[in-house]
Structures are given as C-alpha cells and as structure tokens.
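Asker: fold the following.
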Amino acid sequence: MRGSLGKLDEILAEEGELIVSRRGRAIARVLPLYQTRTLPSHADLRAQMPRLPSSADLIRKDRDARG
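Answerer: Have a look, this model is predicted:
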C-alpha cells in the first residue's frame, strides 16, 4: 500500500474499496470519501403490484353512495 499511495484514488475508483491486511488478517478497510451510488430501479417491483383504483374514482363512489 505504501508504494501505491499516489495511485490510491485510481485504485479506489476502480475497486470501490481496499482491504489492508497484516499477516493474512484484515486490519482496515479504505473506502472513498464520497461514493457515488446509483439508486435501484423499482420498475419491476411496481410491475408486480396490483393496480389500485385511482383516488378520484374512490372519492366519486363515496360521494355517490352518500347521495
């Protein structure tokens, strides 16, 4: 790690994290300070959900039922 301190930002950008070990045991984890994280798409989750009636339809039915 000491020899690659100049390239640390490149390594972190490529790998995402760096595990520092001593004698085969992990002793530290180096992470980028500001990690860009993409938000997952929920399109497939929304596709599995049943379609519900719109609130306008529910309100209209409720008002019609009251007279």
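
Asker: select the longest helix from the chain.
Answerer: The single longest helix within the chain, with elements called by DSSP state H, is helix 55-66.

Asker: and it, what does it pack onto?
Answerer: Helices and strands touching helix 55-66, as assessed by 3 or more C-beta pairs under 8 Å, 6 or more residues apart in numbering; DSSP states H and E, are absent. Where C-beta positions appear, they are placed from N, C-alpha and C, glycine not excepted.

Asker: give me the neighbour count for residue 23.
Answerer: 5 (other C-beta atoms under 10 Å).

Asker: name the SS class of the spatially most central residue of the chain, please.
Answerer: Nearest to the geometric centre of the chain sits residue 39, at 4.4 Å (C-alpha atoms, centre = their mean). Per DSSP: H, G, I helix; E, B strand; the rest coil, the local secondary structure of residue 39 is coil.

Asker: quick check: residue 63 vs residue 52, distance?
Answerer: According to C-beta to C-beta, to the nearest Å, residue 63 and residue 52 sit 19 Å apart.

Asker: just residue 3 next, same as before
Answerer: 60 Å.

Asker: ok, now residue 14?
Answerer: For residue 14 relative to residue 52 (C-beta to C-beta), the value is 45 Å.

Asker: count of residues packed around the residue lying closest to residue 21 once chain neighbours are set aside?
Answerer: Nearest residue to residue 21 in three dimensions, chain neighbours excluded: residue 27, at 6.3 Å (C-beta to C-beta, 6 or more residues apart in numbering). For residue 27, the neighbour count with other C-beta under 10 Å is 9.
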